[in-house]
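Peer 1: the following block contains a protein sequence and its predicted model.
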Amino acid sequence: MKTSLQSYLRENAHHGTPDFPVGFYPCSVPLNFQDLPTHWHEEIEFTLVTSGSLRYSIGSHLVEAKEGDLLLIAPDTLHSAHQLDSEEAETRSIVCHLNLAGLGMDDSCTQRFIVPIREGKLALPPVVHPSDPLYDEMLRSFQALWDCNAPALSYRELRFKSEILNFIRLIWQMSEHTDVPPMIRNRHPHEDKLKRALAYMQAHYAETITIAKLAEICGFSEVHFMNVFKAVIGSTCIEYLIEYRLALAAIDLRETNHSIMQVALDNGFQNISYFNRTFKKKYHYTPSAYRKMSV
């Protein structure tokens with residue numbers, strides 16, 4: 001069962017519990033991941049880099065985030081994360097649906113301040129640095145949200161809901177301090193079509209996937225599909241699929257006692273020698289050594 005990182009790797013993952021649909025995800029690099037493949041989700045995401053540095057791709061932005069930086073990832077935004085050389089890093093991520101802040105209600109506050117974020121009419125700054133205006137307030141708000149991770153916290157649902165509204169207020173206030181007025185975030189014209197291909201790979205990663213099938217899903221020729229995929233995602237679709245499969249295999253190695261052969265098969269690798277070789281090239285450990293290291 002893939003649990004700890006499935007929210008990052010699946011568009012339709014469930015975050016938190018039905019009565020408290022919020023995901024809290026502490027991550028350690030390289031223990032939890034070295035490269036987090038491109039993905040998206042309909043929830044908004046806030047990430048605090050608590051130590052080290054990472055490279056992020058958020059929409060059309062490439063960001064090197066350092067200790068103390070806050071990352072703001074709007075709903076439905078393609079994003080990925082990557083280890084810098086061999087540097088270790090720690091992050092805390094909060095993923096929640098804007099329904100908790102009132103999306104779905106028809107009051108003026110929701111229409112003015114929540115809907116524009118959900119619909120991409122307010123371009124969120126991808127990273128907030130400690131030197132930026134309102135950073136201290138935003139960091140305190142993030143920490144208050146993170147504290148709601150404790151199930152025993154009294155009135156944590158109310159605390160979280162009130163604090164998420166405060167965080168959104170700070171986002172809007174921060175937009176007033178920039179030289180660029182609030183605007184619709186930049187989207188690649190073929191982004192929605194590529195998301196269909198990514199969703200197909202997420203659903204069928206354990207099966208044989210052909211370029212012809214992915215191109216058909218997007219309505220492109222194979223050559224055009226490969227060119228567009230590389231331009232938007234930054235890697236070929238084959239490279240992406242292997243990276244995605246390896247990321248899920250790493251989770252299985254950490255969180256299950258399945259045999260190495262079973263882990264390989266469950267994640268789309270039909271050749272155990274190829275899986276071992278590819279995994280070691282990516283993670284610098286054999287699958288069995290990686291499992292022992294992760295215990």
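Peer 2: Alright, I've got the coordinates. Residues are numbered from 1 along each chain as shown.

Peer 1: residue contacts, the nearest residue to R159 once chain neighbours are set aside?
Peer 2: Among residues not flanking R159 along the chain, C148 sits closest, at 5.5 Å (Cβ to Cβ, 6 or more residues apart in numbering). Every C-beta, even on glycine, is put in place using the N, C-alpha and C of the backbone. Residues near C148 by Cβ atoms under 8 Å, 6 or more residues apart in numbering: V22, R156, R159, F160, E163.

Peer 1: and the pLDDT at the fourth one?
Peer 2: So that's F160. On pLDDT, F160 comes in at 96.

Peer 1: circling back to that earlier point, by neighbour count, which of the contacts of C148 wins?
Peer 2: F160 (23 neighbours; other Cβ atoms under 10 Å).

Peer 1: report the next helix or strand after the helix or strand hosting that residue in sequence order.
Peer 2: If you go by DSSP states H and E, F160 is part of helix 156-175. Once helix 156-175 ends, the next helix or strand along the chain (criterion: DSSP H and E) is helix 191-204.

Peer 1: buried ones in that next one?
Peer 2: For helix 191-204, burial by neighbour count (16 or more other Cβ atoms under 10 Å) applies to E191, K193, L194, K195, A197, L198, A199, Y200, M201, Q202.

Peer 1: from the rest of the structure, what touches that helix?
Peer 2: 9-11, 38-40, 78, 188, 209, 213-214, 217-220, 225, 228-229, 232-233, 237, 240-241, 244.

Peer 1: may I see the ChimeraX selection of the buried members of the residues you listed?
Peer 2: To isolate the buried subset of the contacts of helix 191-204 in ChimeraX, counting by 16+ other Cβ under 10 Å, use the following:
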select :9,10,38,39,40,78,209,214,217,218,220,225,228,229,232,233,237,240,241,244
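
Peer 1: tell me which of the contacts of helix 191-204 fall in helices.
Peer 2: Here DSSP state H is the test, and the contacts of helix 191-204 give 9, 213-214, 217-218, 225, 228-229, 232-233, 237, 240-241, 244 as lying in helices.

Peer 1: could you dump those to CSV with distance to V29 and pLDDT?
Peer 2: Converted to CSV, those look like this (distance: Cβ to Cβ, whole Å; pLDDT from 0 to 100):
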residue, distance to V29, pLDDT
L9, 15, 58
K213, 33, 97
L214, 29, 97
I217, 32, 96
C218, 32, 95
F225, 31, 96
V228, 30, 94
F229, 26, 94
V232, 24, 88
I233, 21, 89
C237, 25, 94
Y240, 19, 94
L241, 22, 95
Y244, 17, 93
